[in-house]
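Q: got a predicted structure here, sequence first:
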Amino acid sequence: MHKVDTFERSMPEINTTKVCFVVEKSRELLSEDEGVGPDASNPSDDDGRRVLTDAAYAPIHQELVQFIEDLDVDEAAALVALAWIGRGDFEPNDWRSAVTQAGERRERPTSVYLLGMPLLPDYLEQALSEYGYSCGDFGSVASTEAG
């Protein structure tokens, strides 16, 4: 395991709570089924199968897209840089370079780019762990810090 100096660990461009929100929502989005076909059973005994349809997918997707698009330019670049670091495109000690290149990336909206990564939550969590952070306590912290 390599050592990252304290300056590099700070990730001042984005709060880890925001990263963990994206991780959590991305996991929810990935866990959703793209739809369950109708069957001959009684709808009242389907045990909440509606959750596994596009009707459930849309609000989560919209919330995540809106959240990412509402990030300021520096936060969006930091989020992309974290995904790249977690994916192995950059080393953790290349933080500044990754953020700079992410800021110059303008192919398409940040939300479209990031949500096109099937392993986005894994990449973000891997990158956070490289800097000594974790989303383990996110649920208890998010309710007090979100917003």
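A: Done, it's in. For clarity, every value in this text was computed on a predicted model and none was experimentally measured.
Q: the helices in the protein, which residues?
A: Under the criterion DSSP state H, the chain contains helices at 6-9, 16-31, 54-69, 73-87, 95-104, 110-115, 120-130, 138-145.
Q: what about residue 17, distance to residue 88?
A: Note on residue 17: its distance to residue 88, by C-beta to C-beta, to the nearest Å, is 25 Å. C-betas here are computed from N, CA, C, even on glycine.
Q: show me which of those two is the more surrounded one.
A: Remark: of residue 17 and residue 88, residue 17 carries more neighbours, 16 against 10, as counted by other C-beta atoms under 10 Å.
Q: that older thread, mind putting the helices of the chain into a markdown table with mean pLDDT?
A: Written out in a markdown table, the entries for the helices of the chain read as follows (pLDDT from 0 to 100):
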| stretch | mean pLDDT |
| --- | --- |
| helix 6-9 | 45 |
| helix 16-31 | 93 |
| helix 54-69 | 84 |
| helix 73-87 | 96 |
| helix 95-104 | 94 |
| helix 110-115 | 95 |
| helix 120-130 | 96 |
| helix 138-145 | 50 |
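Q: quick check: residue 98 touching residue 85?
A: Yes - counting by C-beta atoms under 8 Å, residue 85 is a contact partner of residue 98 at 5.9 Å.
Q: what's the closest residue to residue 79 other than its chain neighbours sitting at in phi/psi?
A: Excluding the flanking residues, the one nearest residue 79 by C-beta to C-beta, 6 or more residues apart in numbering is residue 14, at 6.0 Å. The phi and psi torsions at residue 14 (degrees, to the nearest 10) take the values phi -150, psi 140.
Q: use 247 as the first number from now on
A: Yes, from this point I'll number from 247; that puts the last item at residue 260.
Q: show the contacting residues for residue 260.
A: Residues counted as contacts of residue 260 (C-beta atoms under 8 Å, 6 or more residues apart in numbering) are 317, 320, 321, 324, 325, 328.
Q: can you flag the buried ones in the residues you listed?
A: Neighbour-count burial (16 or more other C-beta atoms under 10 Å) applied to the contacts of residue 260 gives 317, 321, 324, 325, 328.
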